[in-house]
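# Pasting the sequence and the predicted model now:
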Protein chains: 2
Amino acid sequence: MTRYIFDPFGKLYAERTGSMVSSEIRDLLSITARPDVISLAGGLPETGALSPEVMAEIAREVFLEDGPGSLQYGPTDGYAPLKRILCEIMALEKIHAHPEEIVITSGAQQALEILAKIFINPGDWVVVEAPSYVGALNSFMSYQPRFITVGMDEEGLKTELLSESLTALRKRGERAKFIYTVPNFQNPAGITMSARRRARLLEIAREFELLIIEDNAYGLLRFEGQPLEPLKAQDPENVVYLGTLSKILSAGLRIGWVYAPAPVTERVLLAKQSADLCTSSLTQRIAFRYFTTQNWRGVIEKLVETYRERKETMLEALEEFFPEEATWTKPQGGFFVWASLPPFINTSDMLANAVENKVAYVPGTGFYPDEQGTNEMRLAFCHPPPEKIWEGVERLSKVVNRELSIARSLGLDIKNKNNKRLEEP
Amino acid sequence: MTRYIFDPFGKLYAERTGSMVSSEIRDLLSITARPDVISLAGGLPETGALSPEVMAEIAREVFLEDGPGSLQYGPTDGYAPLKRILCEIMALEKIHAHPEEIVITSGAQQALEILAKIFINPGDWVVVEAPSYVGALNSFMSYQPRFITVGMDEEGLKTELLSESLTALRKRGERAKFIYTVPNFQNPAGITMSARRRARLLEIAREFELLIIEDNAYGLLRFEGQPLEPLKAQDPENVVYLGTLSKILSAGLRIGWVYAPAPVTERVLLAKQSADLCTSSLTQRIAFRYFTTQNWRGVIEKLVETYRERKETMLEALEEFFPEEATWTKPQGGFFVWASLPPFINTSDMLANAVENKVAYVPGTGFYPDEQGTNEMRLAFCHPPPEKIWEGVERLSKVVNRELSIARSLGLDIKNKNNKRLEEP
């Protein structure tokens, strides 16, 4: 953010603006929009699985069938026919909702902002995975909570650490408001929470009266292994579930949804009304028509194939080019690989060199509310075609190797100690 | 809002949720959606000035020309080509902005929510016109300010009352953060702020270091008289200006914008990012294509004609049917007439009778943050065709006259004392 030497409104801002930070990803996207830079940074979904001609025809028909409705304000809770479709989508993952139980939001990001607004008093404790989705962290931070971060291993959230943290809080007479989790192919770490950890998390949440916010943006994009039941399917009463069409249809339509226990839904609805009155009547109708006229399950299969190939390319390239001192996660779905380098490498500092070498990634620190992540990075395989991923990882490895050889010449201990956090079961 | 006898999450909500209220308008819209009820309630724009065939063709071409861009995330500040168009629209009212100075929001409602978030600490003073736009009040209230309400007469905001209030505050060592005003054809009162009051407001704002939030949703919809310069055109440094496409193109696209002083814009952008990442890439492209291929000034002229006719019908019907004890405003533009009844009539209580008589309006109380407005009502002439407006006012007058004759038979003083607030210069 530009800092103004003299800001005439300096005295007017709310205290919470002090906690508002810009996503490094956003700042990066403007740099990495340069066509010669291969971006492994932004989590931009693939748009090529949808035919522009088909979408053009859908949009045309929506206007011809219901022009006035498409142009008008709509209900705050969303376009009812689309809500029925969203219930069908959730049913694919064994979540059984009624349309009147869900609220459509302008992307899942709006749902996160609304939940932050209705749950967080300044100073409240909230629990997040470490690392966690930067958009969620930014929304939460702007309402000034204190964070408890709980690390992950290959089975996801370390539930016993969570239990210990909550017990310590309880001893001090305090409690946490909610835990935010992305159990499937987590953004940014690419890790999936195991079935036993899910069961344990639900137990702990019940024990400590901790609400669970489950963000399932990537759930239908599984490359391998058996689908695991969402938390919401197992304990509908204690989970606020967030869904989105951004990854299975289009991010440009800005459609997400919340499926929460009824009293929470009432408050979500009030906050949604203040937030933007309603989500676009037009994009909701286009989404509805898409799901009712197209082979959308086929499109998801196509997307899964596309992302699987890119993931495999990225893992092979990492194997091929990255130094042995680096480690990385092996996602079963989604968009992201999380890489850890030796602790003396600062990925924020290294970024300038990477961009000079025409490759970009997101440094790790933005994904933690505290000082962690300095030697970590998120590598997105969702958007570039395989050959670009291969080349991008190769370019990046040169930058990493240069850091390592400087360290070696200085006699530093280059062993990657920190990556254990993500590897130990 | 449904009140739950037992809400397991009762202990978890943020304090601000206690200040979140449902718009009576929203609750009403569901009742008045019954086709036999003539609704003078919701401020729904006319959609008939746009041809569905033309919009269908525009949407089709947008997908064919830039399918991937339409389906993808976009920049947080908005689609640059559309920002250039929005500057052209503002230039019609003598506001000269550069595209990089504005931020596109998901309707002007989102801009209000964002401004509330970045300016209001709990307990802060904010100034609003009395009555004021309910959507703004709801966003503000959810951040727990204290309100100073300043009445209006036929010249708009009573600036000397404002000056007195701010002086009183200053004596107590306090200050107000901002004033929110709708200078043109105000929602709900239909009043336009005179040129001399605008000048005086700008003076007062400078004197008391009070930021002005100017909401100009209806500025281009003037039926008669000369356009008045927006506050922003006169004092760009101290005014945050809000625009919207909802009234000149479509509310269903959800496109508004903020043109603020640069340091404020930086914070708006951070909050926008948390709020929903970006406004729909698709609807922004459709709007851009509409403005670059269609005779949009002609459409605005057509809308002005439509609304003028409806306004005239409403005023004639009020003259014809409403009792002499009622008074109402005579808008020079926009969507709304504000009517005042004798003080013993409670328009909230009367609404059930009105709906039974198959007509709806919005009771006055929702437009004040305090206890005012019990005998007032907003009558929207924007949506129903003239013959429905005529019939609606006739139906409503029967309900009002029934209240009056009950009062007369009880020997109550039925003189309308309260309307002076809106009538005296």
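Thanks, I have the structure now.
# end-to-end on stretch A:91-98?
10 Å (Cα to Cα, to the nearest Å).
# Then A:Ile104 would be within a strand, right?
Yes. According to DSSP: H, G, I helix; E, B strand; the rest coil, A:Ile104 belongs to a strand.
# OK, contacts around A:Leu221?
Residues near A:Leu221 by Cβ atoms under 8 Å, 6 or more residues apart in numbering or on different chains: A:Phe185, A:Lys247, A:Ile248, A:Ile300, A:Leu303, A:Val304, A:Tyr307, A:Gly333, A:Gly334, A:Phe335. C-beta coordinates here come from the backbone N, C-alpha and C atoms, glycine included.
# Quick check, pLDDT for the fourth one.
Okay, so that is A:Ile300. The model reports A:Ile300 with a pLDDT of 98.
# surely it meets A:Leu249?
No. A:Ile300 is beyond contact range of A:Leu249, at 9.2 Å (criterion: Cβ atoms under 8 Å).
# Neighbour count: these two, which is higher?
A:Leu249 (27 against 18; other Cβ atoms under 10 Å in any protein chain shown).
# For that one, which residues are in contact?
A:Leu50, A:Ile255, A:Ala287, A:Tyr290, A:Phe291, A:Trp296, A:Val299.
# Which members of those residues are the farthest-apart pair?
Maximum pairwise distance in the contacts of A:Leu249, criterion Cβ to Cβ, is 15.5 Å, between A:Ile255 and A:Val299.
# So what's the residue count around the closest residue to A:Asp77 other than its chain neighbours?
Using Cβ to Cβ, 6 or more residues apart in numbering or on different chains and skipping the chain neighbours, the partner closest in space to A:Asp77 is A:Val103 (5.0 Å). Using other Cβ under 10 Å, A:Val103 has 26 neighbouring residues.
# what's near enough to touch A:Val103?
A:Thr76, A:Asp77, A:Gly78, A:Ala111, A:Trp257, A:Val258, A:Ala260, A:Thr265, A:Val268, A:Leu269, A:Lys272.
# Who wins on neighbours among these?
Going by other Cβ under 10 Å, A:Ala111 tops the contacts of A:Val103 with 32 neighbours.
# can I assume A:Leu86 is in contact with A:Glu101?
No. A:Leu86 is beyond contact range of A:Glu101, at 10.4 Å (criterion: Cβ under 8 Å).
# Which of those two has more residues huddled nearby?
For A:Leu86 versus A:Glu101, neighbours defined as other Cβ under 10 Å are more numerous around A:Leu86 (24 against 17).
# And the pLDDT for A:Ala360?
Value for A:Ala360, per-residue pLDDT: 94.
# swap in A:Ser23?
So A:Ser23 comes in at 62 (pLDDT).
# How about A:Phe9?
85.
# what do you get for A:Gly42?
pLDDT at A:Gly42 comes out at 88.
# so it makes contact with A:Ala380?
Yes. Look at A:Gly42 against A:Ala380 with Cβ under 8 Å: they come within range, at 6.4 Å.
# out of those two, which sits in the more crowded spot?
Using other Cβ under 10 Å, the more surrounded residue of A:Gly42 and A:Ala380 is A:Ala380, with 27 against 21.
# max-length helix in chain A?
In chain A, with assignment by DSSP state H, the single longest helix is helix A:296-321.
# chain center to that helix, what's the gap?
Taking Cα atoms, centre = their mean, to the nearest Å, one finds helix A:296-321 lying 18 Å from the centre of the chain it belongs to.
# Could you name the helices and strands sitting against it?
For helix A:296-321, the packing partners by 3 or more Cβ pairs under 8 Å, 6 or more residues apart in numbering or on different chains; DSSP states H and E come out as strand A:336-340, helix A:386-409.
# from the ones you listed, which stretch is densest packed?
strand A:336-340 (a mean of 25; mean count of other Cβ atoms under 10 Å in any protein chain shown).
# So A:Glu160 versus A:Asn184, what's the distance?
21 Å (Cβ to Cβ, to the nearest Å).
# Nearest to chain B: which residue in the stretch 301-425 of chain A?
A:His383 (9.3 Å; Cβ to the nearest Cβ).
# so that residue touches A:Gly42, yeah?
Yes. Taking contacts as Cβ under 8 Å, A:His383 lies within contact range of A:Gly42: 6.9 Å.
# what is the rounded mean pLDDT of the host helix or strand of A:Arg285?
Here A:Arg285, judged by DSSP states H and E, is contained in helix A:281-293. Averaged over helix A:281-293, pLDDT sits at 98.
# does any bit of that helix sit next to chain B?
Yes. Using Cβ under 8 Å from any Cβ of the partner chain, helix A:281-293 reaches chain B at A:Ser281, A:Leu282, A:Thr283, A:Ile286.
# Identify the farthest-apart pair in those residues.
Top of the distance list for the residues of helix A:281-293 next to chain B (Cβ to Cβ): A:Ser281 and A:Ile286, 9.9 Å.
# what about A:Ala136, how many neighbours?
A:Ala136 has 28 nearby residues by other Cβ under 10 Å.
# excluding its backbone neighbours, what's nearest it?
A:Leu112 is the one closest to A:Ala136 (Cβ to Cβ, 6+ apart), at 5.0 Å.
# For the one you found, give me its contacts.
A:Gly135, A:Ala136, A:Ser139, A:Phe140, A:Tyr180, A:Ile213, A:Asp215, A:Leu242, B:Ser274.
# is the helix or strand encompassing the last one anywhere near chain A?
Counting by DSSP H and E, the element that carries B:Ser274 is helix B:262-276. Yes. Contact of helix B:262-276 with chain A (Cβ under 8 Å from any Cβ) involves B:Ala262, B:Pro263, B:Val264, B:Glu266, B:Arg267, B:Leu269, B:Leu270, B:Ala271, B:Gln273, B:Ser274, B:Ala275, B:Asp276.
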